[in-house]
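**Student:** Below are the sequence and a predicted model; questions follow.
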Amino acid sequence: MKTPRAFSHSLPVLTATLLAVSNIHAQDPNPASADAGPSSLTLDLTAPGAKVSPTLYGLMTEEINHSYDGGIYAELIQNRSFKDNPQNPVHWTLVQDNGGSGAISLDQTQPVNDALTVSLKLDVTNAGKRVGVANDGYWGIPIKPGTTYHVSYFAKAGTPTSGPLTVSIESNDGSTVYAQAQAPNPTNQWARYHATLTTGNDVQPTLGRFVISTATPGSYWFNLVSLFPPTYHDRPNGNRIDLMQILSDMKPTFLRLPGGNFLEGDHIADHFPWKQTIGDISLRPGHNGCWTYRASDGMGLLEFLEWCEDLNIQPVLAVYAGYSLKREHVNPGPDLQPFVDEALDEIEYVTGDASTKWGGERARDGHPSPFPLTYVEVGNEDGFDTSGSYDGRFAQFYDAIKAKYPNLKLIATAGGKDPLGHREPLTMRKPDAFDEHYYRSAGEMESDAGHYDKYSRTGPKTFVGEWATREGSPATNLNAALGDSAWMTGMERNSDVVVLASYAPLFVNVNRGAMQWPSDLIGYNALTSYGSPSYYAQKMFNNYLGDTIIPLSAQGVPTQAWQPRHRKNMPPPPPGQVPVLYFSATRSSSTGTIYLKVVNISPNPQTVNIDFKGARSVAPDGTSVVLKSANPTDTNSIDDPVKIVPVTSKVSGIASNYSSTFAPYSINVLQVEAQ
């Protein structure tokens, strides 16, 4: 994640600048053509339309903003393996009740195995009522009514026999215990213990802590302390239910995994170590992330694939290609070959049957059947590699992967190097698609909404693997959703070229200290979650989509001013103009249903005369779905999660020539039945 052509479906020609723009586009209360008649829009039902890509809208994630640990991965214990800080047991505190005393420390002399090398030592000198260790979770342990939590941990004691342990979830001051269980006495050998904690039905949702305690003096060691709530589809080591449901509601078609910079890492040694992320979680050492915190790798390769399976979507697998964020790279040839071999092994883990080495490993991990795979992405944002090595590196991966898996489609990551979306030329091999990334303000998205109108229909396809309008924090506001929607109309009109697109970043934990990148799609804390206005715009575009593009043309569309940002070391740019309306239309070939998307970015209602050219009949009743608010800076939040949501209503009086008025600051889907 690091960070245009004219708009061209017969809308007014724009003097579009390709510079980045200010965060909120200028809003002229009196657009240039405010006094003109209504705009007109023609949907040509007689012209053959290209097919909509069946994989157009999907998901992109990476370990940023606590998207996995503290996010969709349901584990509730933070720093469960005590590696987050080499000096201190962060997120763990000493519990001393009624005269009890003791101390906690990190201990590297008592490893469980080669992955679990740092343990938490509890020395109890005077038990009193109890002494123990408490974990504060990811900004609190969520305590909910009538909920069963699964506890597991490794423990040992300093003597062959010791006192019993108690596990509990309780208020932060320990005054209220919501659930507790007696655990077996640990011995002087490492062993794994399990317990369940069930809260009462009368418990009010709140945040608390998790505690392991004892009333017996002595020394105790702990490792891989885990607490899981119920998970989506009841998967062990699975995902958080509410976040999976909010994704399912979008009806995505793919997941780009493991995603973005998390694939590359800051350094070559920090790239996503997929072989260390499979198997039992006790065998996963974790690795350094690139967004200020360590990754537990509880969300490993198999969990990503099962995430896809649970949502009935396909993976887009990104393989590490020898380039990392700190501008480290591996030269093509013998130095690169181990990474090519690693990618081939990874593809075999995903697609191989149980008779293959890595397909057999997947079967032993609990998933005998292979996963479907169509696309493999070679690297991430390799357009930033100034060494010029990507052409050769891509060719080496291309030859090896195509030789073994000729039907796989390979995506090159040399797009998205600059604000123009410039593609680095690849002379050695032709990819099946280029990955392009765009992070912009609303004005820039709107000024460049026709970006793909003139792309070649014979060259490589396009994967818009990361894109977003970056306005609002922690999640986006309505203005961002308007910019996003203008951009999506362009991708949708050109979805014969743009075959995949995924917004980024997908997730943000909204607690203070959890976020590294603002303007995200879905926000949450430990207890609850919500969708931003951009989320609901995505949902509308995903849920109301045909399989055939309807050619359209528009005339008389008003424009309004926007002010490009003054870029460093460049002369101030002049103001620009953008259309206030953006359109796309698709049709279901099986039902004839038309889905017309209209985005009005202006502060004024806009009337559009719509001509369904060539329609033999148009049903008079249809459906309208509208996302809007009075102010473009309005947004949703933890405290007001549904301030801006789509509203569905019936529409009557539709005809082959039909006039409709679209509210200010609105994103609209008009569903029409026509033959």
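**Tutor:** That came through fine.

**Student:** CA atoms for contacts and neighbours, from now on please.
**Tutor:** Fine.

**Student:** Can you tell me how far Ser534 is from Pro632?
**Tutor:** Shown here: Ser534 relative to Pro632, a distance of 12 Å by Cα to Cα, to the nearest Å.

**Student:** ok, which stretches of this protein are helices?
**Tutor:** 241-248, 260-264, 301-311, 337-351, 357-364, 390-404, 442-447, 478-493, 533-543 (DSSP state H).

**Student:** Asn188 is nearest to which of those helices?
**Tutor:** Checking those against Asn188 by Cα to Cα gives helix 357-364 as the closest, at 30.6 Å.

**Student:** Just want the angle from the closest one to helix 301-311.
**Tutor:** Helix 357-364 and helix 301-311 are oriented at 70 degrees to each other (axes from the mean of the first three to the mean of the last three Cα atoms, to 10 degrees).

**Student:** elements contacting helix 357-364?
**Tutor:** helix 337-351 (3 or more Cα pairs under 8 Å, 6 or more residues apart in numbering; DSSP states H and E).

**Student:** Which strands or helices does the helix it packs on pack on?
**Tutor:** Judged by 3+ Cα pairs under 8 Å, 6+ apart, helix 337-351 is in contact with helix 357-364, helix 390-404.

**Student:** can you pull the buried residues of it?
**Tutor:** 337, 339-340, 342-351 (16 or more other Cα atoms under 10 Å).

**Student:** ok so, going back, could you provide the helices and strands packed on helix 337-351 in JSON lines, with additional columns for mean pLDDT, mean neighbour count and distance to Asp123?
**Tutor:** Putting those into JSON lines (pLDDT from 0 to 100; neighbours: other Cα atoms under 10 Å; distance: least, Cα to Cα, whole Å) gives the following:
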{"stretch": "helix 357-364", "mean pLDDT": "98", "mean neighbour count": "19", "distance to Asp123": "39"}
{"stretch": "helix 390-404", "mean pLDDT": "97", "mean neighbour count": "19", "distance to Asp123": "53"}
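
**Student:** Out of those, flag the one nearest Thr166.
**Tutor:** helix 357-364 (33.5 Å).

**Student:** Tell me the confidence at the nearest residue to Ser369 once chain neighbours are set aside?
**Tutor:** Nearest non-adjacent residue to Ser369, counting by Cα to Cα, 6 or more residues apart in numbering: Asp353, 6.7 Å away. According to the prediction, Asp353 has pLDDT 97.

**Student:** change the start of the numbering to 588 and stick with it
**Tutor:** In the new count, where the first residue is 588, that last one comes out as Asp940.

**Student:** ok, Asp940 - contacts?
**Tutor:** Applying Cα atoms under 8 Å, 6 or more residues apart in numbering to Asp940 gives the contacts 946-947, 955-957.

**Student:** Likewise for Leu923?
**Tutor:** 909, 917, 980 are the contacts of Leu923 under Cα under 8 Å, 6+ apart.

**Student:** Next one: the second one relative to Gly846, how far apart?
**Tutor:** Spelled out, it's Val917. 20 Å.

**Student:** Compare those two (neighbour count), which wins?
**Tutor:** Set Val917 next to Gly846 and count neighbours by other Cα atoms under 10 Å: Gly846 wins out with 27 against 19.

**Student:** Tell me who's in contact with that one.
**Tutor:** Going by Cα under 8 Å, 6+ apart, Gly846 touches 647-650, 905.

**Student:** One more pass at 10 Å, please.
**Tutor:** Gly846 makes contact with 588, 646-651, 859, 903-906, 966-967, 1052-1053, 1091-1092, according to Cα atoms under 10 Å, 6 or more residues apart in numbering.

**Student:** Report the separation between it and Ala982.
**Tutor:** Distance check for Gly846 against Ala982: by Cα to Cα, it reads 22 Å.

**Student:** What are the buried residues along stretch 1196-1205?
**Tutor:** Neighbour count says stretch 1196-1205 has 1196-1200, 1202, 1205 buried, by 16+ other Cα under 10 Å.

**Student:** Share the number of residues neighbouring Pro1159, please.
**Tutor:** Using other Cα under 10 Å, Pro1159 has 11 other residues around it.

**Student:** got the phi/psi numbers for it?
**Tutor:** phi -60, psi 130 (degrees, to the nearest 10).

**Student:** Can you tell me the closest non-neighbouring residue to it?
**Tutor:** Excluding the flanking residues, the one nearest Pro1159 by Cα to Cα, 6+ apart is His1153, at 5.2 Å.

**Student:** Then Ala1113?
**Tutor:** Pro729 (5.6 Å).

**Student:** Settle this for me: that neighbour is touching Thr786, isn't it.
**Tutor:** No. Between Pro729 and Thr786 there is no contact under Cα atoms under 10 Å: 11.3 Å.

**Student:** can you give me the mean pLDDT across stretch 824-841?
**Tutor:** The model assigns stretch 824-841 a mean pLDDT of 98.

**Student:** Next: stretch 734-743.
**Tutor:** The pLDDT scores in stretch 734-743 average 98.

**Student:** ok, now stretch 901-920?
**Tutor:** Rounded mean pLDDT across stretch 901-920 is 97.

**Student:** Thr735: neighbour count?
**Tutor:** 16.

**Student:** Please disregard the earlier target; I meant Thr633.
**Tutor:** Counted with other Cα under 10 Å, residues neighbouring Thr633 total 12.

**Student:** go on, the one 3 residues further on?
**Tutor:** Neighbour count of Gly636, defined by other Cα under 10 Å: 18.

**Student:** In TSV, list the contacts of Asp940 along with distance to Asp867.
**Tutor:** Converted to TSV, the contacts of Asp940 look like this (distance: Cα to Cα, whole Å):
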residue	distance to Asp867
Gly946	16
Gly947	15
Pro955	16
Ser956	18
Pro957	19
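
**Student:** For Val639, state which of these is nearest.
**Tutor:** Of the contacts of Asp940, the one sitting nearest to Val639 (Cα to Cα) turns out to be Pro957, at 27.6 Å.

**Student:** now the closest one: how far from Pro845?
**Tutor:** Applying Cα to Cα to Pro957 and Pro845 gives a distance of 18 Å.

**Student:** out of the two, which sits in the busier spot?
**Tutor:** A count of neighbours by other Cα under 10 Å puts Pro845 above the other of Pro957 and Pro845, at 25 against 18.

**Student:** Can you name the residues that contact the closest residue to that one other than its chain neighbours?
**Tutor:** Spatial nearest neighbour of Pro845, excluding adjacent residues (Cα to Cα, 6+ apart): Glu649 at 6.1 Å. By Cα under 10 Å, 6+ apart, the residues touching Glu649 are 588, 655, 843-850, 876, 878, 1091-1094.

**Student:** separation between Lys708 and Asn675?
**Tutor:** Applying Cα to Cα, the value for Lys708 to Asn675 is 12 Å.

**Student:** can you list residues touching both of those two?
**Tutor:** Listed as contacting both Lys708 and Asn675 by Cα under 10 Å, 6+ apart are 691-693.

**Student:** sorry, back to before: any chance of the buried residues of stretch 1196-1205 in a markdown table, with distance to Ser1106 and pLDDT too?
**Tutor:** What follows is the buried residues of stretch 1196-1205, written out as a markdown table (distance: Cα to Cα, whole Å; pLDDT from 0 to 100):
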| residue | distance to Ser1106 | pLDDT |
| --- | --- | --- |
| Asn1196 | 35 | 98 |
| Ile1197 | 34 | 98 |
| Asp1198 | 37 | 97 |
| Phe1199 | 37 | 97 |
| Lys1200 | 40 | 97 |
| Ala1202 | 41 | 95 |
| Val1205 | 40 | 96 |
